[in-house]
Every structure is written in C-alpha cells, then in structure tokens.
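Asks: Quick one, structure for this:
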Amino acid sequence: MRIAFLGTPDFARASLKALLDEGRDIAAVFTQPDRPRGRGMRLAPSPVKELAEASGIPVYQPETFSDGAAAGILREVRPDLTVAVAYGRLLPEDFLSVPKLGSINLHGSLLPRWRGAAPIQWAILSGDRITGVTVQYMAKEMDAGDIISRRETEIGEFETSGELFDRLMILGAELLTETVRSIEAGTAGRTPQDHSLATYTKMLDRSFSPIDWTKTPRMIVKQICGLDPWPSATARLDGTDLKIFGAEYTDTVTERAPGTVVCADRRGIEVACGEGKTLRITELQPAGKKRMSAASWLLGHPIRVG
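Replies: Below you'll find the predicted structure:
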C-alpha cells in the first residue's frame, strides 16, 4: 500500500517514523514550507521534512492548494491512502479524493470535542479529566469526518500541555499504525460524528497568560499547566512580573481579596483565590532569569504579605 504523508511538527514526525519503522511504503511527504526559526531567524525545515529527507522520501512543500497543483502532484504519486498528522492546513476536496482508500487524519483529542488547533492545551485549560487521540476520515469541514478509531487517556491533575503532548504523540502514532493496518485489511470501522457535541478551540496567544485570581484554585492550576511551555501563565506579585510554572493546592481558608499574598516561605508563595481559598506557587520565572523554585526566588526577593 502506497501512502502519501502530510505533517509538519514533532507530533507528526513521530507518526511518520512509526509508519517507516513498520516498513510502510511512504511514496511522498507534504509539509509546510521552511520557516524562520531561532535567534538568527534562518529558514529551517520542519521535523517531518528532516526525517523524510533522511529516509530518501520525496518532499513537497506547496504554498497553496487552491490552484490544483498539489492535487496534480498527488495524482502523479498515485497513493492508495493519504495520512495527515498536524499538517496545519485545511485540504480541498480535489486533493482528498485522489487516493482510492481515502484520506485520514490523526487528531489530538477525542473528537468531536476540541476540533481545531491546540486541542491538547484546551483539554487541560478546560479542566477535562479524559482526553485522547482520534483517527478520522478527512472531510471538507475541519475535523468533522467519520471516526475510524479512538484511544483515551486520563489527564494528570498537574500534567502540563508539554507532558501531555509527548504522551499523545506516542499514543497517536501507535493508534495510527494500527488503523492503517485495519484499512489495508478492510476491517476499519466508520462512525459519523455527533456534530451537536462538537466544541472548538481558539488559537492561543499571550492574552491568555495573565492569571485571574478571582477564579478557583483548580481553574488557575489548569491555566498554569495548559499554558506550559507556551505562552505561560503570568502574574504580577508585589510589583514584579513573573511567569508561573508550578502550583499546588492548600487547605487554607481566607477572607483576603483574591490576588493577595497570604504567606511566603520555604514552601512557596500562597495567594488568595476565588471561593475564599488559596493556591501556593511553587515554581516561577522572573524576567531575564531561568525557571526556579519560588523558595529560591524569595531568598533574594522578599515579598510583602497581606
């Protein structure tokens, strides 16, 4: 079975590697054009392109799909199946309809929940306790195709989006290879999504970073975890702007206003939150410094309490 693979970041690279390790015939790889990266902002290939070139696979990087040229390339490749993982672009019907076995996509959520970009972060930000990965047949609408297979996993209470990303990357690669085998064997299922249950993500940026201390401790913990490693939760404490990377729950009950520092000691910085509760900050990063424990930062930066 000839496969055309579409993907760009590390999440997709893991799936491409899994297919290659299984001996799959990857006839072509499509990935996003090289983008400026690093301090020097030099053009750099995507992780998928690096693996494809190292494996001797032809790589295509179309700037657009609207002129039909990409579909023409795909017809020349003659794949039996198209596999997309975090490619980063909606694909038109003339492209999706080329392979005789269809076009499938691995998505980092339990569809129809969290259609769109950044589903891993939004699962944490929203306080979900369960998430997973889904393989679907691609459709014209974003992440709305019939479901072939899914796999669930629990989200740790203090698991960051970076940590969950790494777990789902491996889980997704495993599910994808199993699904490709079932398609090849003719045993793959096909279940339409219940569109009434669909939820959608928003693109993340730094406007999501400032902590609102009127929220409950759990909501704030999920903000801290969901925005780690980027764009990071932030707070201004005693006149200092900080990125917040670690926090824990406390048993403290307080009448102080949300955002008030109620304790600062070797355990961390305890801040009043909504519902008369507090949250203890345990890890932070001052501007221009490395991440450190809150206790370490307090040694050189005494903070007012109350």
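
Asks: Phi and psi next, for the residue nearest the centre of the chain.
Replies: In the chain, the centroid-proximal residue (C-alpha atoms, centre = their mean) is residue 120; its distance is 4.0 Å. Phi and psi for residue 120, reported as degrees, to the nearest 10, are phi -70, psi -50.

Asks: Wait, it touches residue 168, no?
Replies: Yes - in terms of C-beta atoms under 8 Å, residue 120 counts as a neighbour of residue 168; the distance is 6.1 Å. (C-beta placed from N, C-alpha, C; glycine too.)

Asks: Which neighbours do the two have in common?
Replies: Residues touching both residue 120 and residue 168 (C-beta atoms under 8 Å, 6 or more residues apart in numbering): 108, 131.

Asks: longest single strand anywhere in this protein?
Replies: Longest strand of the chain, by residue count under DSSP state E: strand 240-253.

Asks: Quick check: buried residues in that strand?
Replies: 242-248, 250, 252 (16 or more other C-beta atoms under 10 Å).

Asks: try stretch 258-266
Replies: Within stretch 258-266, the residues scored as buried using 16+ other C-beta under 10 Å are 258, 260-264.

Asks: Pick out whichever of the residues you listed sits closest to residue 144.
Replies: residue 258 (39.7 Å; C-beta to C-beta).

Asks: Look up the closest residue to that closest one, ignoring the ones flanking it.
Replies: In space, and not counting its chain neighbours, residue 258 is closest to residue 213: 3.8 Å by C-beta to C-beta, 6 or more residues apart in numbering.

Asks: before we move on, the earlier item: separation between the residue nearest to the centre of the chain and residue 183?
Replies: Distance, residue 120 to residue 183, by C-beta to C-beta, to the nearest Å: 25 Å.

Asks: Please enumerate residues in contact with stretch 249-264?
Replies: Contacts for stretch 249-264 (C-beta under 8 Å, 6+ apart): 213-214, 217-218, 221, 237-238, 269-274, 276-280, 298, 302-306.

Asks: Next step: those residues restricted to strands.
Replies: Those of the contacts of stretch 249-264 lying in strands (DSSP E): 237, 269-272, 277-280.

Asks: Following the helix or strand where residue 73 lies in sequence, what is the next regular element?
Replies: Assigned by DSSP states H and E, residue 73 belongs to helix 69-77. Where DSSP H and E defines the elements, the next helix or strand beyond helix 69-77 is strand 81-85.

Asks: Show me what that following strand pairs with in its sheet, parallel or antiparallel.
Replies: Take DSSP bridges as the rule and strand 81-85 pairs in its sheet with strand 2-7 (parallel), strand 103-107 (parallel).

Asks: Could you tell me the angle between the last one and helix 69-77?
Replies: Orientation of strand 103-107 against helix 69-77 (axes from the mean of the first three to the mean of the last three C-alpha atoms, to 10 degrees) gives an angle of 110 degrees.

Asks: how distant is strand 103-107 from the center of its chain?
Replies: Chain-centre distance of strand 103-107: 15 Å, with C-alpha atoms, centre = their mean, to the nearest Å.

Asks: cool, stretch 257-271 as well?
Replies: Counting by C-alpha atoms, centre = their mean, stretch 257-271 is centred 31 Å from the centre of its parent chain.

Asks: That's all I had, so thanks and see you.
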